[in-house]
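Engineer: please find the sequence and the predicted model below.
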Amino acid sequence: MIFRKKEKNLKELEDVKEVVNYVRALEKRLILLEERIRDLESNSLNNFNKFSVLRFNSFNDMGGDQSFAIALLDKVNNGFVLTSLFHKDGFRLFTKPIIKGVSKYQLLEEEETALKKAINDKKE
């Protein structure tokens, strides 16, 4: 097509137009996909993606590891620790906020363990 002398084949020209239009449409779709990926990455910073669950006995006279501590954190280690202390008379539920991996409230040993496990969670 390129080296032919002044011979124009309309079918070939239509084919080239088709290919150019197809590439342009693909380019538009690629730009939209890149924008969606950027939005998803930005929004994912606010999602919990690190977690740890630790079951334990909160009182010596209880068995079965009925108490638990759950740590839920985002990518920058913000989130909370949720703790349930079970006893034969009932249970107590506590939550403590976590900012950059630290709580301003004193943590139980089990809460601290769950928090450290969540922080060290290497999911990417």
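Structural biologist: Done, it's in.

Engineer: check which element follows the longest helix along the chain along the chain.
Structural biologist: Counting by DSSP state H, the longest helix found in the chain is helix 10-44. Later in the chain than helix 10-44, the nearest helix or strand by DSSP states H and E is strand 50-56.

Engineer: mind giving me the packing neighbours of that following strand?
Structural biologist: If contacts are counted by 3 or more CB pairs under 8 Å, 6 or more residues apart in numbering; DSSP states H and E, strand 50-56 sits against strand 67-73, helix 109-119. Heads up, the C-betas are built off the backbone N, CA and C, glycines and all.

Engineer: gap between it and the chain center?
Structural biologist: 17 Å (CA atoms, centre = their mean, to the nearest Å).

Engineer: what about this structure, any weak spots by pLDDT?
Structural biologist: The chain contains residues with pLDDT under 70 at 1-13, 61-63, 122-124.

Engineer: 50 instead?
Structural biologist: Along the chain, the model assigns pLDDT under 50 to residues 1-3, 124.

Engineer: tell me the centre residue of it?
Structural biologist: In the chain, the residue lying closest to the centroid (CA atoms, centre = their mean) is residue 49, at 4.1 Å.
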